[in-house]
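Chemist: just need the structure, nothing else, for what follows:
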Amino acid sequence: MQNWLRRIAIWQAMLVIAVLAWGFTEGLRAIALPAAQQRLQPTLNGASFLAGRTAGAINHIMAHNLPIDPWARAAGGLFRWGLFRSGGPQVRVGCDGWLFLTEELRPWPEAEAVMAERVDALARIRDRLAAQNISLVVAIVPDKARVHGDRLCGAPLSAQSAARYERLVGALRTKNLAPVSLLEPLTALAARQDAYWRTDTHWNQDGAAAAAQAIAARAQGVGIDRPGGFATTRDDALTPGPGDLLRLMGLDILPDGLRPPIDRQHLAHTSEPEAAGGLLDEAGAPQVALIGSSYSVNANFHGALQEALGAKVTNLARAGGGFSGAAADYFAGATLREAPPRLIVWEIPERVIGQPITAEERAFFAR
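Modeler: Okay, the predicted model is just below:
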């Protein structure tokens, strides 16, 4: 009996040692990652160590960079999806494999006041640009849940969300901003085919092209050079779409049989024309600048806009930039001062307009 207990104790000790060794190895692998080193290196000094910044950096790395982390998230996501058909706190599950971002559906505190502050800021920026002979076109991207609301299947918009788009467009018009409402062309497209991805929050390539056409139609009266010659082609092979909602569910690394199937696409590419004696890049700085969110860096929207305008566009949009992240960078940078455009297209997602204003954003408004 004692020998048996001794063997159990030995095996338990070996198991604990193995787990500790595995955890130590995983920690070393996490610290060796480039992103982890970028965060850790500035804290490798005596002052940072004594102030606790080195420990804080290591804690962040252990929380966000462990190689096992994607599989741990996948296990949790698979449990939610497999047993409850739930997408977790950030994703609302619709029908027929459609997924939606929860923040499109929820209300935000003081949303009306926040919207008014942002609209006022847009009007002031428009006036400053006009004084420099720069035209501003504001394009509002409707929520996926608005365009494809029939796919929500029992996941209704909040009352605030339901009224948000119309109130935003109305508020902009009261400031004589006359936004490009992309709701109509995208809704018309959605009546025939998908305008947004099923498993991603953004428009798909056809939706992006429809939006680009609507923006170009509004910009017809702006005096820019339009050499034309842009052409869009699509790959023959089908490849996976972006699938950011699957990533938020923790299911992005799993095969389709264990999750909602990811979208497939024939990836679009827009080529630029050649100017006499060289590429169009040599013919002068672009007269159009695009600022906005991840919608402007996805689904070949930039290429589709160039083709629709017949003009080269500098894409300064920023994924995750929200309402004004890209604008703040652009207006404070050298690009605007050294090569001012004749036209700025400011793409704004509907869903961000009522979200709380950050300190950085308010500082940008005060410039």
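Chemist: could you give the mean pLDDT of stretch 303-314?
Modeler: Average pLDDT, stretch 303-314: 98.
Chemist: nope, stretch 345-357 is what I was after
Modeler: On average, stretch 345-357 scores 97.
Chemist: first to last residue in it, what's the distance?
Modeler: Stretch 345-357 has an end-to-end distance of 22 Å (Cα to Cα, to the nearest Å).
Chemist: ok, stretch 141-159 next?
Modeler: OK, stretch 141-159 end separation, Cα to Cα: 19 Å.
Chemist: low pLDDT regions in this structure?
Modeler: Low-confidence segments of the chain, defined by pLDDT under 70, span residues 1-2, 4-5, 8-9, 11-31, 36, 51-52, 55-68, 275-283.
Chemist: mind listing what's buried along stretch 313-324?
Modeler: 313-318, 321-324 (16 or more other Cβ atoms under 10 Å). From N, CA and C alone the C-beta is placed, and that goes for glycine too.
Chemist: in strands, which of the residues you listed fall?
Modeler: 313-315 (DSSP state E).
Chemist: in TSV: these, plus distance to Pro273.
Modeler: Below are these laid out as TSV (distance: Cβ to Cβ, whole Å):
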residue	distance to Pro273
Val313	13
Thr314	16
Asn315	17
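Chemist: pick the one among those residues closest to Arg164.
Modeler: Asn315 (26.7 Å; Cβ to Cβ).
Chemist: can you tell me how far the residue most central in space within the chain sits from Gly88?
Modeler: Among the residues of the chain, the one closest to the centroid is Ser294, at 3.5 Å (Cα atoms, centre = their mean). Look at Ser294 and Gly88: by Cβ to Cβ, to the nearest Å, they are 20 Å apart.
Chemist: next: Arg124.
Modeler: 39 Å.
Chemist: who's more crowded, the two?
Modeler: Taking neighbours as other Cβ atoms under 10 Å, Arg124 and Gly88 compare with Gly88 leading, 18 against 13.
Chemist: my reading is that that one lies in a strand. Confirm?
Modeler: No. Under DSSP: H, G, I helix; E, B strand; the rest coil, Gly88 sits outside any strand and is assigned coil.
Chemist: can I assume it is in contact with Met249?
Modeler: Yes. Gly88 is in contact with Met249 according to Cβ atoms under 8 Å; the separation is 5.6 Å.
Chemist: list residues touching both of those two?
Modeler: 77, 80 (Cβ atoms under 8 Å, 6 or more residues apart in numbering).
Chemist: from the ones in strands among the buried residues of stretch 313-324, which single one is nearest Asp244?
Modeler: The closest of those, once distances to Asp244 are taken by Cβ to Cβ, is Asn315, at 19.1 Å.
Chemist: in which helix or strand would I find the nearest residue to that closest one once chain neighbours are set aside?
Modeler: Using Cβ to Cβ, 6 or more residues apart in numbering and skipping the chain neighbours, the partner closest in space to Asn315 is His302 (4.4 Å). Using DSSP states H and E, His302 falls within helix 301-309.
Chemist: by contact count, what packs against that helix?
Modeler: helix 205-218, strand 231-234, strand 268-271, strand 288-291, strand 313-315 (3 or more Cβ pairs under 8 Å, 6 or more residues apart in numbering; DSSP states H and E).
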